[in-house]
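Peer 1: sequence-free structure coming up:
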């Protein structure tokens, strides 16, 4: 009997918390193995024996770590010795701040308020001490043996070195037995699907290894200018702050802030004026901008596959479990969980909750926002989409399928009238929000006859044909049956305007007797009707005939995005519906609407043959029952 996922998650969290003394060194060793494995593989390609390659890599890595630790420790010791000499600058800055607040200033008021609060707290404490008589504390002095004294002093000093030695040993054996460990893991969890398990291991190794390597490179590039800049500004212990900045940047979001605050506080204590503090803050801000906008997108990108919120939650979770080291290891450990969820179906919820991949299709995402009445977020998504595509591509690939989902829900009866109106209104607002982008495309089109999707120099045969220009053309786009159809018609009209045509957006209410009489068809040569419901063929046929009777030579086309394939589509197309063209996409609709084609003549309805009916019998009074023939007459009529 399998446990619910929430119970399993609580159990795993409890094991991680209770076994942190053992699991934390193993986690560090595992991550170091991921980071050092590419170096070992590179040395193996140089024909270096495996054992020698592993030993060289591990020794090099831990010598670098030991030298870095010794440098930071010496700088901290030097800083501790010089702290008393900085008191004069701190007192001077406090006096200057008080001078700024003389005459009842803000600082003086805050100081007075703090003093009054302190006095009240002290008075309350004294009253509590008087009212409560506490017993005198008794201290038991025990004579410890030399072994106990040695244990209390030596064990805390040896503990970090023993942990480091354990990590080194585990890393060496993991690198030596890497292939065997991989085979055992495959046999344990994925022997039935070697391809999926191998892909998961490669994905986890490449993501974690590349993350650690690129993060180290970025932090080093970040820390070197910080160290040089602090040294030029005369800030003491510049190597210490550069090294701490390098380490703290492994902690997401809060690490860089902590690394910046400590040098700023020291600058405030060291320098007599305010300019060094301003220059130090400017140095960190400039390096942070360069790192965030240049270095990380170039070297790092989105290799982790984690969302921003997931990184913050992971940092809080692992810091609660394993303290400061858990905070540093939070991102690579969470990457392993996301990879596990991406390749193992039982843990798919981890990829959904923590991953950065979209969990909804683009059209489903837009439909959800429109259904919630939030077209502005849908417009933001459209703007991101339109950075590489044209507006007509967005309408065909995302917007029309979103409207189709809404029409499907309406037909199923799960969408109320209020929701339908709100959805259609949000869709129209989305079209209005994209008007600026449409104007930009129209300017890019340059009022030419054709809008080329690809560069003319490419000459690709697979590229879609360009949309024709529509200068001097006047068209009407309207919905067929409802508000959602009107939104689809508005999208077609916007693309027609990009092509230079004058497109008027109508309403489905135009097909009422009053609306049709008020419809202005002067100068209109083509009219497009949008029907998201493909079962509306009979009404579409009726609307086409009424329009063609209203104006001779008028071209009428039908946009039916949900037109079925196969026999259903052939029936609609071959039946003709009396339309000049029937399309399924916005691009095809625009292309056919702006084509130089003449309108098809209105087909006459087939003549109906009169049906002959028997005259109804005249009923006079009560109908008499037929008489039975007599016996003699029946014998005479009977055959011989």
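Peer 2: Received it, and whenever you're ready, just let me know what you need. Small disclaimer: the values here were computed from a predicted structure and weren't measured.
Peer 1: what is the rounded mean pLDDT of the helix or strand in which residue 165 is found?
Peer 2: Taking DSSP states H and E as the definition, residue 165 sits inside helix 146-176. The average pLDDT within helix 146-176 is 72.
Peer 1: can you identify the element that follows it toward the C-terminus?
Peer 2: As assigned by DSSP H and E, the chain's next helix or strand after helix 146-176 is helix 178-189.
Peer 1: show me what that following helix is packed against.
Peer 2: For helix 178-189, the packing partners by 3 or more C-beta pairs under 8 Å, 6 or more residues apart in numbering; DSSP states H and E come out as helix 194-232. Quick note: C-beta positions are derived from backbone N, CA and C, even for glycine.
Peer 1: what is the orientation angle of the helix it packs on with helix 178-189?
Peer 2: Orientation check (axes from the mean of the first three to the mean of the last three C-alpha atoms, to 10 degrees): helix 194-232 against helix 178-189 gives 130 degrees.
Peer 1: quick check: what element follows helix 194-232 along the chain?
Peer 2: The C-terminal neighbour of helix 194-232 among helices and strands, as given by DSSP H and E, is helix 238-248.
Peer 1: what's the average pLDDT for that next one?
Peer 2: Here the average pLDDT along helix 238-248 is 82.
Peer 1: report the buried residues of the helix or strand following that helix.
Peer 2: If you walk from helix 238-248 toward the C-terminus, the next helix or strand you reach (DSSP H and E) is helix 254-270. By neighbour count on 16 or more other C-beta atoms under 10 Å, the buried set for helix 254-270 is 255, 256, 259, 260, 262, 263, 264, 266, 267, 268, 269, 270.
Peer 1: using the three-state scheme, assign residue 582.
Peer 2: Using DSSP: H, G, I helix; E, B strand; the rest coil, the secondary structure recorded for residue 582 is strand.
Peer 1: determine the next helix or strand in the C-terminal direction from the helix or strand of the chain with the lowest mean pLDDT.
Peer 2: Lowest mean confidence among the helices and strands of the chain (mean pLDDT, DSSP states H and E): strand 450-451, at a mean of 44. Counting by DSSP H and E, the element after strand 450-451 in chain order, helix or strand, is strand 467-468.
Peer 1: next helix or strand past that following strand?
Peer 2: Counting by DSSP H and E, the next helix or strand C-terminal to strand 467-468 is strand 474-479.
Peer 1: picking up where we left off before, and of the buried residues of helix 254-270, the nearest to residue 527?
Peer 2: Using C-beta to C-beta, residue 256 comes nearest to residue 527 of the buried residues of helix 254-270, at 60.1 Å.
Peer 1: from residue 225, how far out is the closest one?
Peer 2: Separation of residue 256 from residue 225 (C-beta to C-beta, to the nearest Å) stands at 14 Å.
Peer 1: tell me the confidence at residue 436?
Peer 2: At residue 436, the pLDDT value in this model is 86.
Peer 1: can you mark which positions in the helix or strand containing it are buried?
Peer 2: For residue 436, the host element (DSSP H and E) is helix 435-445. Within helix 435-445, the residues scored as buried using 16+ other C-beta under 10 Å are 437, 438, 441, 442, 445.
Peer 1: quick check: which element contains the closest residue to residue 229 other than its chain neighbours?
Peer 2: Nearest residue to residue 229, sequence neighbours excluded (C-beta to C-beta, 6 or more residues apart in numbering): residue 283, at 4.5 Å. Assigned by DSSP H and E, residue 283 falls within helix 275-290.
Peer 1: pull the residues that contact that helix.
Peer 2: The contact list for helix 275-290 (C-beta atoms under 8 Å, 6 or more residues apart in numbering) reads 222, 225-226, 229-230, 233-235, 256, 260, 263-264, 267-268, 270-271.
Peer 1: distance to residue 516 for the buried residues of helix 435-445 - can I get that in TSV?
Peer 2: As requested, the buried residues of helix 435-445 are arranged in TSV below (distance: C-beta to C-beta, whole Å):
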residue	distance to residue 516
437	34
438	29
441	33
442	31
445	34
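Peer 1: of all the residues you listed, which comes closest to residue 587?
Peer 2: residue 441 (13.4 Å).
Peer 1: how much space separates the residue lying closest to residue 250 once chain neighbours are set aside from residue 315?
Peer 2: The spatial neighbour of residue 250 that comes closest, neighbours along the chain excluded (C-beta to C-beta, 6+ apart), is residue 328 at 4.9 Å. Between residue 328 and residue 315 the distance is 9 Å, computed by C-beta to C-beta.
Peer 1: which neighbours do those two have in common?
Peer 2: residue 251.
Peer 1: how is this protein partitioned into domains?
Peer 2: Taking automatic domain parsing as the criterion, the chain consists of the domains 5-69+166-352, 362-446+466-593.
Peer 1: redo those as TSV? Include distance to residue 81.
Peer 2: What follows is the domains of the chain, written out as TSV (distance: least, C-beta to C-beta, whole Å):
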stretch	distance to residue 81
domain 5-69+166-352	11
domain 362-446+466-593	55
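Peer 1: which stretch in those has the least confidence?
Peer 2: Among those, domain 5-69+166-352 carries the lowest mean pLDDT, a mean of 78.
Peer 1: residue 369 is in contact with residue 379, isn't it?
Peer 2: No: between residue 369 and residue 379 there is no contact, the gap being 9.1 Å when judged by C-beta atoms under 8 Å.
Peer 1: not counting sequence-adjacent ones, nearest residue to residue 227?
Peer 2: Using C-beta to C-beta, 6+ apart, the closest residue to residue 227 is residue 242 (3.1 Å).
Peer 1: ok, that neighbour - contacts?
Peer 2: When contacts are counted by C-beta under 8 Å, 6+ apart, residue 242 touches 223, 224, 226, 227, 230.
Peer 1: which one (most neighbours) among those?
Peer 2: Neighbour tally across the contacts of residue 242 (other C-beta atoms under 10 Å): the maximum, 26 neighbours, falls on residue 230.
Peer 1: what sits against that residue?
Peer 2: Residues near residue 230 by C-beta under 8 Å, 6+ apart: 238, 241, 242, 263, 280, 283.
Peer 1: and the two most separated of these?
Peer 2: Spanning the widest gap among the contacts of residue 230 are 242 and 280, at 12.7 Å by C-beta to C-beta.
Peer 1: if we can go back for a sec, roughly how far apart are the residue nearest to residue 227 and residue 161?
Peer 2: 25 Å.
Peer 1: kindly report the same for residue 313.
Peer 2: Residue 313 is 34 Å from residue 161, by C-beta to C-beta.
Peer 1: and these two? Which one has more around it.
Peer 2: Counting neighbours by other C-beta under 10 Å for residue 313 and for residue 161 shows that residue 313 has the greater number, 16 against 9.
Peer 1: please report phi then psi for residue 177.
Peer 2: Dihedral angles of residue 177 (phi, psi; degrees, to the nearest 10) stand at phi -100, psi 30.
Peer 1: turn the contacts of residue 230 into CSV, columns for distance to residue 77.
Peer 2: Shown next, in CSV, are the contacts of residue 230 (distance: C-beta to C-beta, whole Å):
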residue, distance to residue 77
238, 15
241, 15
242, 17
263, 18
280, 23
283, 25
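Peer 1: what is the nearest of these to residue 499?
Peer 2: Using C-beta to C-beta, residue 283 is the member of the contacts of residue 230 that lies nearest residue 499, at 52.6 Å.
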